[in-house]
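> sequence unknown, structure follows:
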Ligand SMILES: Cc1cc2nc3c(=O)[nH]c(=O)nc-3n(C[C@H](O)[C@H](O)[C@H](O)COP(=O)(O)OP(=O)(O)OC[C@H]3O[C@@H](n4cnc5c(N)ncnc54)[C@H](O)[C@@H]3O)c2cc1C
Ligand SMILES: Cc1cc2nc3c(=O)[nH]c(=O)nc-3n(C[C@H](O)[C@H](O)[C@H](O)COP(=O)(O)OP(=O)(O)OC[C@H]3O[C@@H](n4cnc5c(N)ncnc54)[C@H](O)[C@@H]3O)c2cc1C
């Protein structure tokens, strides 16, 4: 059932705190949202944080997005 | 392989899950077909969400015409034409289901009529035709669960589908077996239309999954309106009497004590069962657990190009969950980075007052080990609620101590479902109670009570004394 | 200096601005007094927001009783007891204003009765008593603007306060001078109660400040209900006729053409004027511009320990702006890091359908140089709206191209004001249309139309054909 299958990837409220568009962007860039450092209150992650993570050389993931 | 296939994606079932998947798939350029054996729109549009809400509105208007005396508006000769009511409700259903047909056409979704069965992992049979596809989405939904001893004849013993046809006259005495969302919605409808309604529930409390504090207030409001609620009670059997009434044997599940009561109509609303049988899933080796098809967060089954969504893919069995999963499956198939990763899925009981919630209940938050703070604001202190003559209930907000993060919002009150938008967005955006408290809410609105509940978390609500 | 003062903060005026400041100040440990010359709750509770919404509800219920025939609910006789209606409305006002009194007591706010005048920068006079305070908050609100030629007698020529008392019988023909929010709300009330209503407006369009597309739909809905709207028209004078009716001279502002029309009641609703005179502000050298006291984002005047909030401190003259400013002023005085920094202040016209908005209009966004995208979703395509018999209107979302940031949300439709919570929180949290589109909205709710408008921005709405 869904609930079971989802438990590995779905952050429970209060665990990974990322706005929906940042979560989608992370998937698009092939980044695990859990690795992204949020700059907002309580470590809230926004799209800018995901972009910053993507372009940070130290944590370059498998699919590095070339900065345009 | 894709070249030889009839469709990029073939969807089985045109309920909310299936038709959302179909339209989104088409929007993303996929060649889509959707097989439906009974009706476009599925349970939701035909015999679920929509017709119940139409009847609830009608019942609410009837009730409102009585409460109007409070401000000097009185009516004589009140008459409810049940035939017309049923027709009006059916008209809305027809409009929406033919709307789905129109959207299929506009989006170039091929609509296949009939019952689909898998032949192999890349083809299905509909009647005597076979269709192939690169991907499949199983969206076959669910059906009412049965209760031994209470055989549904859709006349005197009905399930939710039978209950949608209001009989003329309305039953004088109605028994609702099962105190879940559907049971309460129908009880509210029939109670407003003049039936004497009793709800029995096997468990110690009603509306499982909702916050207990909110449920207590909700239940009190329903009882105030004349609906009787008996928990820890079950119905063993119902016998048709010579005069057409039903003799129902009820049992107290704690004491085992039995008694018989007479009813004119019995509604069996004891849950729903996923519709995964008859598709030949076993033949494809697709994993099914207690009737639900097992899926991952991309809605894939263990056969990755076969997806499952909606009621057949697990709880909660709600239309908006089915819709979201439908979009996710279609997007994944189209190569988009979609995933079913909601922070929370809202729930609503569309009675008056409504019960609406999203996120963790107080019980769940504590069970997960959160240290919590709560804030509660009663509609009795809301000017807007007073002008709407609807002051029962409250907004309850649950936050994490320290971080101030909103974990859950639970509302009993007027238009509660309308206020879920803010609560849901807040949860998804990782909003804190302060974010909500610092947002200007228009005056006088019901939404101010959400703000006040957030302020109450910090003991700074304005219109109540904070303790 | 603080030691010798009677109060830490003395607030002049107990309207929504003043009483919010008083209660928040007390919550933060300040010694607070609030002087009020007329009534606790100010314009808003006594002759503004609240009584209008009570009357609007009553009118809506009357209208609903007629629409109920659509689903088979009919009445042979309908009676509205106007005396009882006025009393019911007054009862709600009394409940709320005495509630403010109770909150003052519970929070230990000293309530002073009388008219306050500044003696010097640290003392005021109320009657023959003088009080000193370390800080002052001027929250004296506003009053109806007058129109030469139309002298308000509160019987046949009324302002918003006079219009709140519904005469028995209701006026057969009513003229509403001024097509702003208040004018439309009263016109809606009287129209529902049986008056033939005409609104005239000097400007080329009604409801200034709202999105033109939304206003067009709103105006159409009002006209459909029988309210006549004439723009670029002014009223020069009204003369009482021997039979008690009013002969009103109207003028077409483009052509200069004049004509006379006969009315039974004329409502003058041409705006409101800040109440800054008579306080001896000039004596303290406090800057005032066109009647509004000049303030900074901490609500301080140019005399920093004297604050001003609400209608007297500038547009928009709305209760929730006054409340927020009241909280900010109190928090600043208590040493908290507060500031009046909202992204947006919502606006609502509480008719049926409602018009509600927050953030930039399309016109404002373009004027500010934004490249925008818009998404619109009609309630005619919403299942929930159909079941509520209210399908006029739409949700329109304005976003910034590229960033996808939500800039404004404009709603004409059922319960539009209830949906502002999500829109306002979204704006304050810098949400994108994607954030809203990715958030699960319960089905079937009106809030789904907000989601669909967000999807429409990306041409991915499900229930309409995206172009
Ligand atoms: C009375 C009632 C009220 C409800 N109210 C609400 C509510 O207010 N809000 C809410 O969120 N949820 C509500 N629900 C639940 C909601 O209806 C379901 O969650 C929703 O319909 C599930 O959607 P689905 O797409 O998974 O399946 P369904 O809507 O069940 O659709 C499945 C479709 O698949 C078709 N099908 C099945 N097998 C085959 C096959 N082999 N070949 C071809 N076609 C097939 C069926 O005919 C059906 O049309 C209510 C349910 C009921 C019964
Ligand atoms: C018909 C109508 C409907 C409205 N509907 C809405 C609505 O739905 N939503 C909304 O947001 N806004 C609405 N408004 C506007 C709203 O009422 C005002 O924005 C709000 O009341 C402003 O609050 P305030 O605290 O600034 O001042 P006010 O409410 O005007 O209160 C000022 C108080 O100060 C007192 N006062 C003045 N001078 C002195 C003095 N020298 N000494 C002592 N006391 C003094 C007055 O007696 C008054 O009680 C409406 C207004 C009207 C007229």
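Nice, I can see it. Everything quoted here is computed from the prediction, not taken from an experiment. Ligands and ions are numbered 1, 2, ... in the order given.
> where does the stretch 351-467 of chain B get nearest to chain A, residue-wise?
residue B:430 (3.7 Å; Cβ to the nearest Cβ). Any C-beta I mention is one placed from the backbone N, CA and C, and that applies to glycine too.
> and that residue, backbone torsions?
phi 60, psi 50 (degrees, to the nearest 10).
> do residue B:157 as well
According to degrees, to the nearest 10, residue B:157 has phi -110, psi 110.
> identify the residues contacting it.
Residues in contact with residue B:157, defined by Cβ atoms under 8 Å, 6 or more residues apart in numbering or on different chains, are B:150, B:151, B:238, B:246, B:265, B:266, B:268.
> which residues touch the residue nearest to the spatial centre of chain B?
Ranked by distance to the mean C-alpha position of chain B (Cα atoms, centre = their mean), the top residue is residue B:318 at 4.9 Å. Counting by Cβ under 8 Å, 6+ apart, residue B:318 makes contact with B:345, B:347, C:442, C:443.
> so the second one makes contact with residue B:317?
Right, residue B:347. No: under the criterion of Cβ atoms under 8 Å, residue B:347 makes no contact with residue B:317, lying 10.7 Å away.
> can you count the residues close to residue B:262?
13 (other Cβ atoms under 10 Å in any protein chain shown).
> pLDDT score assigned to it?
pLDDT recorded at residue B:262 is 98.
> wait, a helix at it?
No: counting by DSSP: H, G, I helix; E, B strand; the rest coil, residue B:262 is not part of a helix but strand.
> who touches the residue nearest to it when sequence neighbours are not counted in this structure?
Closest residue in space to residue B:262, ignoring its immediate chain neighbours: residue B:245 at 5.2 Å, by Cβ to Cβ, 6 or more residues apart in numbering or on different chains. Residue B:245 sits next to B:262, B:263, B:264 when contact means Cβ under 8 Å, 6+ apart.
> residue B:245 and ligand 2: what is the separation?
Look at residue B:245 and ligand 2: by Cβ to the nearest ligand atom, to the nearest Å, they are 52 Å apart.
> look up phi and psi at residue 25.
Reading this off chain A. According to degrees, to the nearest 10, residue A:25 has phi -60, psi -40.
> surely it meets residue A:47?
Yes: shown here, residue A:25 and residue A:47 form a contact pair, counting by Cβ under 8 Å, at 5.1 Å.
> out of the two, which sits in the more crowded spot?
Just comparing residue A:25 and residue A:47: by other Cβ under 10 Å the higher neighbour count belongs to residue A:25, 25 against 20.
> can you tell me how far that one is from chain C?
9 Å (Cβ to the nearest Cβ, to the nearest Å).
> farthest pair in the contacts of residue B:157?
Largest separation among those by Cβ to Cβ: B:151 and B:265, giving 14.0 Å.
> these two: which has the busier surroundings?
The residue with more neighbours, out of residue B:151 and residue B:265, is residue B:265; 23 against 11, by other Cβ under 10 Å.
> contacts only, for that one.
B:156, B:157, B:158, B:167, B:171, B:173, B:174, B:175, B:195, B:246.
> what number of residues lie near the closest residue to it other than its chain neighbours?
In this structure, residue B:265 finds its nearest non-sequential neighbour in residue B:171, 3.8 Å apart by Cβ to Cβ, 6+ apart. Neighbour count of residue B:171, defined by other Cβ under 10 Å: 23.
> how about residue B:362?
Neighbour tally, residue B:362, other Cβ under 10 Å: 19.
> mind pulling up the pLDDT for it?
98.
> dump the residue contacts of it.
Here residue B:362 is in contact with B:211, B:212, B:213, B:372, B:374, B:396, B:398, B:408 (Cβ under 8 Å, 6+ apart).
> for the third one, what are phi and psi?
This points to residue B:213. phi -60, psi -40.
> so how far is residue B:348 from it?
Note on residue B:213: its distance to residue B:348, by Cβ to Cβ, to the nearest Å, is 17 Å.
> so between these two, which is more surrounded?
For residue B:213 versus residue B:348, neighbours defined as other Cβ under 10 Å are more numerous around residue B:348 (25 against 18).
> looking at this, that one is in a strand?
Yes: per three-state DSSP, residue B:348 lies within a strand segment.
> list the contacts of it.
Here residue B:348 is in contact with B:181, B:354, B:355, B:356, B:357, B:416, B:417, B:420, C:442, C:445 (Cβ under 8 Å, 6+ apart).
> what's the one helix or strand residue B:325 maps to packed up against?
Per DSSP states H and E, residue B:325 falls inside helix B:319-333. Applying 3 or more Cβ pairs under 8 Å, 6 or more residues apart in numbering or on different chains; DSSP states H and E, one finds that helix B:319-333 contacts strand B:7-12, helix B:16-27, strand B:129-138, strand B:306-308.
> nearest to residue C:13, out of the ones you listed?
Closest among these, using Cβ to Cβ: helix B:16-27, at 52.1 Å.
> now do the closest one and helix B:319-333, the angle between them.
If you take axes from the mean of the first three to the mean of the last three Cα atoms, to 10 degrees, helix B:16-27 sits at 30 degrees to helix B:319-333.
> do helix B:16-27 and chain A meet at all?
No: Helix B:16-27 lies out of reach of chain A by Cβ under 8 Å from any Cβ of the partner chain, never closer than 11.6 Å.
> pLDDT on that helix, on average?
The average pLDDT within helix B:16-27 is 98.
> same question for stretch B:370-378.
Mean predicted lDDT for stretch B:370-378 stands at 98.
> for stretch B:399-416, same thing?
For stretch B:399-416, the per-residue pLDDT averages 97.
> could you pull out the buried residues of it?
Buried residues in stretch B:399-416, counting neighbours by 16 or more other Cβ atoms under 10 Å in any protein chain shown, are found at B:399-400, B:403-416.
> what's the most distant pair in these?
B:403 and B:414 (31.0 Å).
> give me the phi and psi angles of the residue nearest to residue B:106 when sequence neighbours are not counted.
Closest residue to residue B:106 apart from its sequence neighbours, by Cβ to Cβ, 6+ apart: residue C:465 at 4.6 Å. Main-chain torsions, residue C:465, degrees, to the nearest 10: phi -90, psi 120.
> measure residue C:465 to residue B:26 for me?
11 Å.
> comparing the two, which residue is more hemmed in?
Set residue C:465 next to residue B:26 and count neighbours by other Cβ under 10 Å: residue B:26 wins out with 23 against 12.
> in strands only, show me the contacts of residue B:265.
Judged by DSSP state E, strands contain the following of these: B:157, B:158, B:173, B:174, B:175, B:246.
> count of neighbours near the fourth one?
If I follow you right, that is residue B:174. 24.
> correct me if wrong: residue B:33 contacts residue B:12.
No: contact between residue B:33 and residue B:12 fails when scored by Cβ under 8 Å: they sit 9.7 Å apart.
> the two: which has the busier surroundings?
Legend: neighbour count by other Cβ under 10 Å for residue B:33 and residue B:12, higher for residue B:12 (27 against 23).
> quick check: phi and psi on the residue nearest to that one when sequence neighbours are not counted?
Closest residue to residue B:12 apart from its sequence neighbours, by Cβ to Cβ, 6+ apart: residue B:116 at 4.5 Å. Main-chain dihedrals, residue B:116, degrees, to the nearest 10: phi -90, psi 140.
> understood, closing this out.
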